[in-house]
Every structure is written in C-alpha cells, then in structure tokens.
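Colleague: 3D model of this:
(2 chains)
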Amino acid sequence: MIKLYNVKNRTKEAFTPIDPKNVRMYVCGPTVYDRAHIGNARPVVVFDTLYRVLQHTYGKEHVSYARNFTDVDDKINAKSIETGRPIRDITNETIGWYLEDMNELGALEPDFAPRATEYIAEMITMIEELIEKGHAYAAEGHVLFDVNSYDAYGALSRRSVDDMIAGARVEIAPYKHNPMDFVLWKPSNDKQPGWDSPWGHGRPGWHIECSAMSRALFGDKFDIHGGGLDLQFPHHENEIAQSCACCGDDTFANVWMHNEMLQVEGKKMSKSLGNFFSVRELLDQGYSGEVIRFVYLSTHYSKPMDWTIKKAEEAAATLRKWRMITDDVIPSDIVSPAIVNALADDLNTAGAITALHNLAKCGDAALLKSSAELLGLLGDNMGGWVKAIDFDLSALEKMISTERDKALKNKDFSKVDYLKLTFVSAGLDVQMSKENVTLIAGPKFDSSLLEDLF
RNA sequence: GGCGAGUUGGCGGAGUGGUGACGCAACGGAUUGCAAAUCCGUGUACAGGAGUUCGAUUCUCCUACUCGCCUCCA
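Modeller: Predicted coordinates for the structure are as follows:
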C-alpha cells in the first residue's frame, strides 16, 4: 500500500486511485526559455521516482503521467525580443535541451508532455465556462477570476484572502474587482504572441493552462498533482479555483504533493551569489546524471535539500562501489521488499538508499541492481561515467607483481614502492594480496602519468 | 507584515512513546614487507524551557534560531 502526504489535508494517507487501471499524475513542468537549473530538476527526479513506484504497483500500462511545457510566457517573449529569434525556435530548442538534460538524470519521459500553445482552444472554452458560471469577468481586454466567487480560495496553501490583501506588496490593477483576482486572459500587442478570443486578440494567463490541459488529458478528476513548493501559492491555488469553480467542488486532483526547495552550499541559489547553475553545467563539470540523481534522492522530497560538492563526491563513491558489485550481474526479477516499503511510505528515498546499502553489505548484487533500478539508479544506460576507462592495466600489474616477488626474497622494496607510488599518483588503486597485485582505475586515473614506465 | 517548513552525533541524513538506522569521516583490531582495499569492532545525537506520561528525541505549548513562499527566479 502506498502512503502519500497529501498537502490538501496536511496528512499522510493511504493512496487509493480513482481507477487502479488508470492512475493519473500531473506535474507542473518548466517554462521553456532557458536551460533547466538544478532546482528545476528536483521535482523531475522526485516525481519520476513516484512514477516508477506507481508503475511498479499498478502496472506500467495503468499509469499515466503528464508534465506540461509552458511555452507562452512573458519571459519567453523577452528572450525573443532580446535575441531577435522567433518564439517557436526558442521554445523548441529549450524543450530539446530539457528532455536531454532530464534524460541524463535518468528521468523517464512522461506519457504526455502537453504544450500550452496547443491547448489555447481548451483554455478559451474553460474561461467561457467560468464567465458563464459567474466566476470570472471580462474587463479592459482581460478576463479575471473572481476570487470572492469561490469560497475555498486559499484552502490548499492555508491563506485567507483578507490577510493576503493586508500584506500585499503588489500594485493593484484598476480593473480588478478584488486585489487577489488573477488573470485568465490578457490582451497582446503586435509584438506579443496572441490568439483571437471572445475578448479580443490576446494570450492566456499562466495558471489556466494546467487546468485546461489536465482536464483535456485526464478528465475533470485525477489522482495526483505535483510540483515545487513555490508553486503552491499562487499557481496551484489558482488552478484549483479555476478547475473546481468550473467543474465542481469535488473535482481536480485528489492528492497534492510539493517538493521542498533546493539550496546550494547552504544558501539560496541565486544569480547574484554565483551559485546558480544549470543541470547541463553540472554535467559538463563531470558530475554524472546518476550522481546528481543520487544526491537528490538522498534527501526526502519534503525537506529542503542542500546541493554540495561533498555530497556529490560521496554519492559518486557509493555508486562506484555499487557498480563494481553489480557489474555484469543480471538483475533479480524481484525488488527488495525493504526498498518497496520505504518508497511506498511517502516516497522515503533516503530510507530506500539505506536498504540498498544493506543489500550491498550482504553482497546480494542481483537484488541490489533490481532494487536500485526502481529508484532509477544502477541502470545499464547510466553507468558510462564509471566504465569510461579504456586502458589495459595487465602489463602494469605484471610489472609490479614481478618486482614484488623479487623484493619479497631480497627484502629490497624500493622499486616496488616506487611503482606503487607512481600508480597511486596516476589515480590507480593498488591492491596487493598474497597471491597477486590488482590495479583498479579510480575516478582521477590519468594514463599519461604512467608513460615514463614504458 | 501575512503564511508555512525545519532545528537529530564531526558532517550528511532516516526514524521511533521504552533495545544508539544508515552513509561519510574518525579511532582500535585483523590482514599487509609497508600500504590500499576488505573484514571485525568503537560513539552515551536528538535547539532551549515547560507540560502530558510509569517512561519523550518522538505528543502538546512556549522561546530562540534557520529557511522558504507571498515579488521576474522551481
């Protein structure tokens, strides 16, 4: 049984799908104007893991996962004006990057990846319904959602409209009935992307796309809605308001999940601090996608996670060890119950990693591999970073072995020690047993440092 | 100002109303020509205060601190 912490009730509860043959999860995806940064990647890895657990529990063909691309947004418009490139070029390129980068993190592609611009008609329909039902109004080319018309507004994030107005720091547009009313549709000028609508040439507000697209793909009601905690308010609150006002109080997502934010070396990631980087930059620095994924999974999704070099290095060491154990091992048909149980308990990925450590300790390589794969780790497609060394060490092994045999007789170890030192400084791990000497290339192996020996 | 999350041993990080997870580091031992790797072993951690309880790190309240959202940035 899967248990999930449902933000709606702030309670961990048993997960019961609406239809076990059709489990539906919607996760808010990126606005596509630039490379995904490492904060963007956390929900991707978190919900990818949940996707795998759901597939494991209900069967691959019975789980649908949708993650949208927001490809109409003022940030994209700004980039287009700045670079002189058409919007579609920018969004296509960015989507390509995104899929590449997330693939490196071992994230499966969702079953649906809807683009906002392909669902404009559905959004317009929904906005019309909202107007008809008295939850939205048109004003000066805009359409606004009337928060006073929806009593439960603020329930998800536990905010009251009055408190928010009192503490508001935003300038209030004159055409709003209530300062908290938010935009469903807004007018576009010649330079902005736009579509014809009953309210003139314009474009959708940010929130309506998720309501319209999840409805189009999953219907009025589905199981899980996820995203970063920063989206809880206002984005998710507004999605709920739109969808429930339109389709009924008992519609939209049953379970709401939010992953906590990511920090870098103890500080909020920000461009001014210089600790802001993309997944691609990290990959280019030599941190493999698998290592990055492991670091993400070693902290529970509900807690803030600190990205540090130290963690990445520890993760790399652990994975290297596990890959050594599972090299050429055929994964077991089953997954360790300890791992399944940990993951079923509100996606306790850190607990699952502990269970993997236990499997490694007792040497059950087949089960270690199959179980790690449920977390998206130790897959054959992700191990390139470990096996990348193409260098025959057998001649060196023989060389040091011979010298050692001699030294053991004449007690002069100077030559052996010299070789050992050279090997170690070239990044080799030198393992001498009674019988022979084994050399293992470490992460910093550099064969050019051995040239003098030949 | 409003709202929320968190504070666990040297570091990271789970978890639990009553036998000190787990990883890294450290230390001791086995092993080794010496090492490394490996194996075995070693640590009186739960921010502070009050309360509930036979018993609290775990529940309740208060205090302090940290962080996040409310503002273009997930």
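Colleague: can you give me the strands for the stretch 51-200 of chain A?
Modeller: Taking DSSP state E, counting those that start in this stretch as the criterion, the stretch 51-200 of chain A contains strands spanning A:63-67, A:136-139, A:142-145, A:182-187.
Colleague: quick one: residues contacting A:Glu129.
Modeller: A:Cys246 (C-beta atoms under 8 Å, 6 or more residues apart in numbering). Every residue, glycine included, has its C-beta placed from N, CA and C.
Colleague: roughly how far does it sit from RNA strand B?
Modeller: From A:Glu129 over to RNA strand B the distance is 26 Å, taken as C-beta to the nearest atom of the strand, to the nearest Å.
Colleague: can you read off the pLDDT for that residue?
Modeller: As predicted, A:Glu129 sits at a pLDDT of 96.
Colleague: got the domain boundaries for chain A?
Modeller: Chain A breaks down by automatic domain parsing into domains covering A:3-262, A:286-387, A:394-453.
Colleague: quick one, which of these gets closest to A:Phe276.
Modeller: domain A:3-262 (6.3 Å; C-beta to C-beta).
Colleague: show me how far that closest one is from its chain's centre.
Modeller: Offset of domain A:3-262 from its chain centre (C-alpha atoms, centre = their mean, to the nearest Å): 16 Å.
Colleague: can you check stretch A:433-446 too?
Modeller: The chain centre lies 36 Å from the centre of stretch A:433-446; the measure is C-alpha atoms, centre = their mean.
Colleague: go on, stretch A:1-12?
Modeller: The offset between the C-alpha centroid of stretch A:1-12 and the centroid of the whole chain comes to 20 Å, using C-alpha atoms, centre = their mean.
Colleague: quick check: end-to-end length of that stretch?
Modeller: Taking C-alpha to C-alpha, to the nearest Å, the first and last residues of stretch A:1-12 lie 12 Å apart.
Colleague: thinking again about what came up before, can you list the domains of chain A in TSV and add distance to A:Phe276?
Modeller: TSV is the format used below for these (distance: least, C-beta to C-beta, whole Å):
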stretch	distance to A:Phe276
domain A:3-262	6
domain A:286-387	11
domain A:394-453	26
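Colleague: show me what from the stretch 1-150 of chain A comes close to RNA strand B.
Modeller: Counting by C-beta under 7 Å from any atom of the strand, the residues of the stretch 1-150 of chain A lying close to RNA strand B are A:Arg10, A:Pro30, A:Thr31, A:His37, A:Gly39, A:Asn40, A:Arg42, A:Lys75.
Colleague: and those residues, which of them are in strands?
Modeller: Where these are compared with strands, as defined by DSSP state E, there is no overlap at all.
Colleague: turn the strands of the stretch 51-200 of chain A into JSON lines, including mean pLDDT.
Modeller: Output for the strands of the stretch 51-200 of chain A, formatted as JSON lines (pLDDT from 0 to 100):
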{"stretch": "strand A:63-67", "mean pLDDT": "97"}
{"stretch": "strand A:136-139", "mean pLDDT": "93"}
{"stretch": "strand A:142-145", "mean pLDDT": "93"}
{"stretch": "strand A:182-187", "mean pLDDT": "92"}
